[in-house]
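Asks: sharing a model that was predicted from the sequence below.
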Amino acid sequence: MGFSGDTNLRNFPGLNFTEDEVHKAIQYAHSRGKKVYIAVNAYPQEKELPLALETVDRAYGLGADAVIASDISVLSYIRKKYSEKRVHLSVQASASNVEAIEFYRRHFGIKRVVLPRVLTIDEIRELKKETDIEIEVFALGLLCINSEGQCFLSSYITSESINTYGACSHPRFIDFVQDDNEGSLKILSNGVLLNKYSPSEEVAYPTPCKGKYYNRATGQLTNAIQDPESLNVLEILPEIIQAGVDSIKIEGRQRSRTYVEKVVSTFREALDNYYKHGSHGIDLSKKESIQSLFEGLSPSFGCYKGK
């Protein structure tokens with residue numbers, strides 16, 4: 001979870017939590033034996049750094065079990081002031097090899113790393129053999145053609161950094177325009193047309209990488225950069241576990257209660273059944289039931305099964 005403000009990359013109106021709400025959430029989770037991790041994973045520019053460090057203080061002060069961070073100034077602050085506390089390396093740090101992970105362990109004492117969605121299962125397995133840092137990977141959600149923390153595509157449209165303000169699809173830049181004459185829906189980012197949909201088409205997440213662009217050769221609007229697919233690893237969950245993954249990550253913020261309840265309960269059941277009955281204990285029919293909640297047109301294993 002995250003605090004309201006420019007300290008995490010889901011900084012959207014009404015999405016994050018006040019200090020009082022965070023306090024109550026931590027108390028509620030702890031009363032049920034669960035842990036709470038606070039994301040402070042934006043890359044603060046000079047004027048935002050004091051707020052980021054303040055947010056770290058608030059998170060640990062309220063009893064958060066770990067802070068998820070990516071910027072080295074934030075990580076350094078945690079190392080100096082809260083060396084006894086857990087810190088997890090955000091996917092935004094884009095640490096995708098053992099040397100990078102060990103660098104963050106040596107200098108900042110990280111206990112867990114969230115891997116970027118650019119590695120295969122085989123690569124994760126080999127990586128895990130070389131480090132005892134806890135490994136967390138994404139199980140559901142958006143896919144990006146770029147490596148996390150390394151994309152500046154939307155900056156050309158918004159003049160804002162996705163890594164500081166989450167500008168990839170920030171609501172203040174996105175407009176949905178209904179064309180009553182054509183019956184189409186246009187999606188614009190800062191005035192730039194990203195997509196145009198007919199009433200029968202599924203609407204994808206409004207980001208530049210999933211936009212439709214004019215193809216001179218065909219005269220058509222096509223997904224030139226990336227098809228709007230969604231990650232869903234339910235079918236290959238046993239392989240991910242066997243690769244040595246310690247935790248799976250499910251996007252919850254910026255999602256409806258229905259989405260969170262459905263996908264979390266589905267994966268909780270799948271994990272429990274795997275540990276009780278092995279690979280055959282996972283009910284793969286649940287894959288289709290959660291697919292209807294996704295924003296992509298089709299499910300994907302991402303890079304897990306090959307690039």
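Replies: Arrived safely.
Asks: so what pLDDT did Gly141 get?
Replies: With respect to pLDDT, Gly141 has a value of 82.
Asks: where does this protein dip in pLDDT?
Replies: 13, 295-297 (pLDDT under 70).
Asks: quick one, domains of it?
Replies: Listed domain ranges for the chain are 19-147+229-300, 172-222 (source: automatic domain parsing).
Asks: so what's the backbone phi/psi at Leu193?
Replies: phi -70, psi 120 (degrees, to the nearest 10).
Asks: for it, which residues are in contact?
Replies: Contacts of Leu193 were listed using C-beta atoms under 8 Å, 6 or more residues apart in numbering, and they are Lys186, Ile187, Gly211. Quick note: C-beta positions are derived from backbone N, CA and C, even for glycine.
Asks: what is it paired to in the beta sheet?
Replies: Leu188 (DSSP bridges).
Asks: hang on, the earlier thing: most packed of the domains of the chain?
Replies: Among these, the stretch with the highest mean neighbour count (mean count of other C-beta atoms under 10 Å) is domain 19-147+229-300, at a mean of 17.
Asks: now it, how far from the chain's geometric center?
Replies: 8 Å (C-alpha atoms, centre = their mean, to the nearest Å).
Asks: packing partners for the host helix or strand of Ser73?
Replies: Here Ser73 sits within helix 72-81, counting by DSSP states H and E. Other elements packing on helix 72-81 under the criterion 3 or more C-beta pairs under 8 Å, 6 or more residues apart in numbering; DSSP states H and E are helix 49-61, strand 66-69, strand 87-89, helix 98-108.
Asks: ok, Ala100 - contacts?
Replies: Each residue near Ala100 by C-beta under 8 Å, 6+ apart is listed here: Ala93, Ser94.
Asks: I meant to write Arg58 there.
Replies: Contacts for Arg58 (C-beta under 8 Å, 6+ apart) come out as Phe3, Glu19, Val22.
Asks: for it, give its distance to Ala66.
Replies: Distance, Arg58 to Ala66, using C-beta to C-beta, to the nearest Å: 14 Å.
Asks: follow-up on the earlier one: would you list the helices and strands packed on helix 72-81 in TSV and tack on distance to Gly244?
Replies: TSV is the format used below for these (distance: least, C-beta to C-beta, whole Å):
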stretch	distance to Gly244
helix 49-61	28
strand 66-69	20
strand 87-89	17
helix 98-108	13
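Asks: to Ser230, which of those lies closest?
Replies: Proximity to Ser230 (C-beta to C-beta) singles out strand 66-69 among the helices and strands packed on helix 72-81, at 22.2 Å.
Asks: what ranges does the stretch 151-300 of the chain have for its strands?
Replies: With DSSP state E, counting those that start in this stretch as the criterion, the stretch 151-300 of the chain has strands at 174-179, 184-189, 192-197, 213-215, 220-222, 229-232, 247-250, 298-300.
Asks: turn the ones you listed into a markdown table, columns for distance to Lys47.
Replies: As requested, these are exported to a markdown table (distance: least, C-beta to C-beta, whole Å):
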| stretch | distance to Lys47 |
| --- | --- |
| strand 174-179 | 25 |
| strand 184-189 | 24 |
| strand 192-197 | 27 |
| strand 213-215 | 35 |
| strand 220-222 | 39 |
| strand 229-232 | 35 |
| strand 247-250 | 30 |
| strand 298-300 | 39 |
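Asks: so which of those comes closest to Leu9?
Replies: That would be, of the strands of the stretch 151-300 of the chain and by C-beta to C-beta, strand 247-250, which comes in at 13.7 Å.
Asks: pull the residues that contact the closest one.
Replies: Residues outside strand 247-250 that contact it (C-beta under 8 Å, 6+ apart) are 91, 112, 114, 134-141, 233, 237, 240, 260, 263-264, 267, 271.
Asks: for stretch 218-230, same thing?
Replies: For stretch 218-230, contacts defined as C-beta under 8 Å, 6+ apart pick out 140-145, 196, 202, 204-205, 208-215, 291, 294-300.
Asks: where's the nearest residue to Gly281 once chain neighbours are set aside relative to Val264, distance?
Replies: Distance criterion C-beta to C-beta, 6 or more residues apart in numbering; nearest residue to Gly281, sequence neighbours excluded, is Asn273 at 3.5 Å. As for Asn273, its distance to Val264 is 15 Å (criterion: C-beta to C-beta).
Asks: check Ala204 too.
Replies: Distance check for Ala204 against Val264: by C-beta to C-beta, it reads 23 Å.
Asks: for the chain, which strand is longest?
Replies: If you go by DSSP state E, the chain has its longest strand at strand 134-142.
Asks: in terms of secondary structure, what does that strand contact?
Replies: Using 3+ C-beta pairs under 8 Å, 6+ apart, strand 134-142 sits against strand 112-114, helix 121-129, strand 229-232, helix 237-242, strand 247-250, helix 257-277.
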